[in-house]
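curious how this folds, go ahead:
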Amino acid sequence: MECNKKYGINRTYFLTEQIEMLDQEVEERVSSYQEDVERLDSIPGIATRMAEQILSEIGTDIKKQFPSAAHMCSWAVLVPGHNESAGKRKSAKTKKRKQVFEISINRSSSFCKRI
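The predicted structure follows:
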């Protein structure tokens, strides 16, 4: 039993060090975009980590990448499909999103619901 506790503690220390190393690397890579991170961070429900994730997913040159907000929402799969043929509406389910972006969006939206 003692061996398992020691292994668990060592593993916890190892993982904590890995998280700190990754945090430093993210901080270095995002440092030149600090103004963008702060602007996103000012939105209710979006913290610094979330802002970093959004920037890593959509990039910093949004106007060049997405002609309009509707295009970006469509890319992020935040809107349902519009499938209509011969005046009849067919299934309009939302497509499966990218997993990391989906988790980020879900967390921020659930936080906003609580406010």
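
check which helix or strand covers Val26.
In this structure, Val26 sits in helix 2-30 according to DSSP states H and E.

next structured bit after that helix?
Moving toward the C-terminus from helix 2-30, the next helix or strand (DSSP H and E) is helix 34-41.

just the C-alphas of whichever helix or strand comes after that following helix, formatted as PDB.
Tracing the chain past helix 34-41, the next element assigned as helix or strand by DSSP H and E is helix 48-58. Only the C-alpha atoms of helix 48-58 are listed here, as PDB (Å, rounded to 0.1, in the frame of the first residue of the first chain):
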ATOM      1  CA  THR A  48      -7.300  34.000 -19.900                       C
ATOM      2  CA  ARG A  49      -6.900  30.300 -20.700                       C
ATOM      3  CA  MET A  50     -10.100  30.300 -22.800                       C
ATOM      4  CA  ALA A  51      -8.900  33.300 -24.700                       C
ATOM      5  CA  GLU A  52      -5.600  31.600 -25.400                       C
ATOM      6  CA  GLN A  53      -7.500  28.500 -26.700                       C
ATOM      7  CA  ILE A  54      -9.800  30.600 -28.900                       C
ATOM      8  CA  LEU A  55      -6.700  32.400 -30.400                       C
ATOM      9  CA  SER A  56      -5.000  29.100 -31.100                       C
ATOM     10  CA  GLU A  57      -8.100  27.800 -32.800                       C
ATOM     11  CA  ILE A  58      -9.200  30.700 -35.000                       C
END
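
what residues sit buried inside helix 48-58?
Under the neighbour-count criterion of 16 or more other CB atoms under 10 Å, helix 48-58 has Met50, Ala51, Glu52, Gln53, Ile54, Leu55, Ser56 buried. (Glycine included, C-beta is placed from N, CA and C.)
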